[in-house]
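K.L.:
when you get a sec, could you give me coordinates for this:
(one chain, ligands or ions: 1)
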Amino acid sequence: MWNFATDPEFQQKLDWMETFIRDEIEPLDYLFPKDETYNVNNAALMAILDPLKKQVRNAGLWACHLPPALGGGGWGQLKLALMNELLGRSFFAPTIFGTAAPDTGNAEILAHFGTEAQKAKFLRPLLDGDIVSCFSMTEPQGGADPKIFTCAASRRGDHWILSGEKWFASNARWADFLIVMVVTDPDVTIYRGASMFLIPTATPGVEFLRNAGMAFEDPAHGAHAYLRFNEVQLTDADLLGKPGDAFKIAQTRLGGGRVHHAMRTVGLAKRAFEAVCERVQSRTTQGDVLAAKQMVQAEIADLWMEIEQFRLLVLQTAWKIDRHNDYKLVRQDIAACKVLSERVMVSAASKAIHLHGALGISNEMLFGEWLLWGYALGLADGPSEVHQVTVAKEALGVAKTIDELFPSSHVPSGARRMQAKYAKELELPGHRRGWVN
Ligand SMILES: Cc1cc2nc3c(=O)[nH]c(=O)nc-3n(C[C@H](O)[C@H](O)[C@H](O)COP(=O)(O)OP(=O)(O)OC[C@H]3O[C@@H](n4cnc5c(N)ncnc54)[C@H](O)[C@@H]3O)c2cc1C
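P.N.:
Below you'll find the predicted structure:
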């Protein structure tokens with residue numbers, strides 16, 4: 001039952017992907033900033049990406065996260081983990097393979113909860129890679145706590161009137177439409193009182209206050225919008241799912257989204273590791289290559305072990321999702337993958353910076369960007385701390401309690417129990433702990 005081998009036919013596809021990504025896609029990181037990958041207005045980039053996308057389609061690998069009914073290969077999560085590991089090596093690869101977040105998650109909820117009209121208008125072009133989309137939930141004053149969200153829609157006649165602000169809405173500036181999660185019933189808990197609306201970005205009343213970028217990015221190129229909704233008029237036809245369904249819908253999206261980020265993180269961390277190994281074997285100081293120094297070897301060993309442990313957890317999580325077909329049953333594993341994504345990426349990028357010296361810290365390498373991305377992984381799709389709590393709660397949920405003064409692993413109490421069980425044997429001579437008479 002346990003088997004870590006990849007079947008040869010699938011390995012051929014992975015081999016094709018690896019060569020294609022290394023040769024054709026990774027070098028794009030040297031030409032364009034990473035968030036440009038979503039910029040459908042960047043004519044030069046689109047002229048490069050379109051033929052590459054065609055090659056992916058011809059290889060039958062477009063949208064590998066999707067079932068065949070939606071135009072994907074239906075590979076399942078375990079095979080997807082191996083593919084995403086390769087796609088994670090460059091920020092451009094997911095776009096070229098039709099698997100870029102947040103469009104993947106947005107497509108998933110549209111497929112699950114959208115009406116036929118919504119699917120025709122938004123889902124089809126999204127799946128075809130013709131448009132990009134945005135998922136907007138976070139508020140400037142609310143951050144990760146939906147209980148203090150204020151962006152709300154209320155009924156006025158046949159309409160919904162939506163007002164309020166949203167923060168860090170990734171790719172909104174290039175998106176054809178926004179999926180916005182707002183309060184629709186302030187009298188019940190937010191978990192039943194929030195709804196999702198599908199809003200074309202050009203809708204009157206949708207205002208871009210500014211586009212925030214990541215640290216060090218050119219302010220003109222920020223990809224994370226600060227949005228204001230000024231009495232935007234909507235109807236029931238713009239609702240995704242039913243009123244009050246927003247959290248149910250968000251969970252469908254976020255479980256998959258988090259584990260897919262983790263799969264890709266394995267790939268980027270491995271790329272950082274490769275860079276480190278190349279550098280320390282090529283750079284000489286004090287009479288020898290860096291790789292000959294034991295302290296450097298310790299760093300290499302630690303990073304290899306961190307990445308391998310993480311990779312195995314990600315693969316096992318993917319395997320469990322395939323097995324149970326229910327994200328809820330794999331909640332603890334997904335939460336652990338989410339927490340480790342940040343740690344492993346920060347560790348890999350930090351070591352890459354450190355072991356490349358001044359070059360590593362300079363803007364002539366990508367490691368600073370990757371380090372910041374590591375920290376971003378701890379915030380995007382919810383802060384790591386919340387997921388640590390999930391891991392702990394699940395572990396505690398299956399742990400036993402004991403109604404005795406001393407714990408079940410208490411040596412004198414255990415010795416007493418064993419003495420009763422092995423009274424005859426213990427009459428024989430032999431050295432034993434002092435607690436056993
Ligand atoms: C790259 C990137 C892309 C993003 N894209 C989107 C997007 O497309 N759409 C969208 O809606 N949002 C997006 N976000 C926003 C993201 O969801 C929020 O950053 C996240 O929910 C945290 O909220 P906050 O940034 O306001 O931090 P805060 O909630 O203010 O948190 C501040 C600090 O407190 C910690 N913290 C938070 N809660 C707890 C807790 N319960 N216990 C202990 N510590 C805690 C956090 O980890 C953090 O260190 C994105 C974020 C990033 C970094």
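
K.L.:
for whichever residue of the stretch 201-350 of the chain sits closest to the ligand, the count of nearby residues, please.
P.N.:
Ranking the residues of the stretch 201-350 of the chain by distance to the ligand (CB to the nearest ligand atom) places His224 first, at 5.8 Å. Placement of C-beta: from N, CA and C, glycine included. Other residues within reach of His224, judged by other CB atoms under 10 Å, total 22.

K.L.:
the one 4 residues further on too?
P.N.:
The burial count assigned to Arg228 is 17, neighbours taken as other CB under 10 Å.

K.L.:
over to Pro33?
P.N.:
Using other CB under 10 Å as the criterion, Pro33 is surrounded by 16 other residues.

K.L.:
where's it relative to Met46, distance?
P.N.:
Here Pro33 is placed at a distance of 15 Å from Met46 (CB to CB, to the nearest Å).

K.L.:
and what of Asp7?
P.N.:
Distance of Asp7 to Met46, computed by CB to CB: 36 Å.

K.L.:
of these two, which one has the most company?
P.N.:
Neighbours per residue, other CB under 10 Å: of Asp7 and Met46, the larger number sits with Met46, 12 against 9.

K.L.:
what parts of this protein come near the ligand?
P.N.:
For the chain, the residues found near the ligand under the criterion CB under 6 Å from any ligand atom are 102, 135-138, 143-144, 168-170, 224, 376, 379-380, 382-386.

K.L.:
tell me how far the strand or helix carrying Glu278 is from the chain's mean position?
P.N.:
Secondary-structure element containing Glu278, defined by DSSP states H and E: helix 246-282. Helix 246-282 has its average C-alpha position 7 Å from the chain's average C-alpha position, going by CA atoms, centre = their mean, to the nearest Å.

K.L.:
just confirm Ser163 is within a strand.
P.N.:
Yes - if the criterion is DSSP: H, G, I helix; E, B strand; the rest coil, then Ser163 is within a strand.

K.L.:
which residues does it contact?
P.N.:
Taking CB atoms under 8 Å, 6 or more residues apart in numbering as the contact definition, Ser163 lies against 151-153, 229-232.

K.L.:
out of these, which end up buried?
P.N.:
Those of these that meet the buried threshold are 151-153, 229, 232, by 16 or more other CB atoms under 10 Å.

K.L.:
let's have those in a markdown table, adding secondary structure and pLDDT.
P.N.:
Supplementary listing: the buried ones among the contacts of Ser163 in a markdown table, determined by DSSP: H, G, I helix; E, B strand; the rest coil; pLDDT from 0 to 100:
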| residue | secondary structure | pLDDT |
| --- | --- | --- |
| Cys151 | coil | 98 |
| Ala152 | strand | 98 |
| Ala153 | strand | 98 |
| Phe229 | strand | 98 |
| Val232 | strand | 98 |
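
K.L.:
among these, which two are most distant?
P.N.:
Put simply, by CB to CB the two of the buried ones among the contacts of Ser163 set farthest apart are Ala152 and Val232, 11.3 Å from each other.

K.L.:
list residues touching both of the two?
P.N.:
With CB under 8 Å, 6+ apart applied, the overlap between the contact sets of Ala152 and Val232 consists of 162-163.

K.L.:
what about stretch 58-77, start to end distance?
P.N.:
Using CA to CA, to the nearest Å, the gap from the first to the last residue of stretch 58-77 comes to 22 Å.

K.L.:
how about stretch 286-294?
P.N.:
When the termini of stretch 286-294 are compared using CA to CA, they are 14 Å apart.

K.L.:
now it: buried residues?
P.N.:
Neighbour counts over stretch 286-294 (16+ other CB under 10 Å) mark 290-291 as buried.
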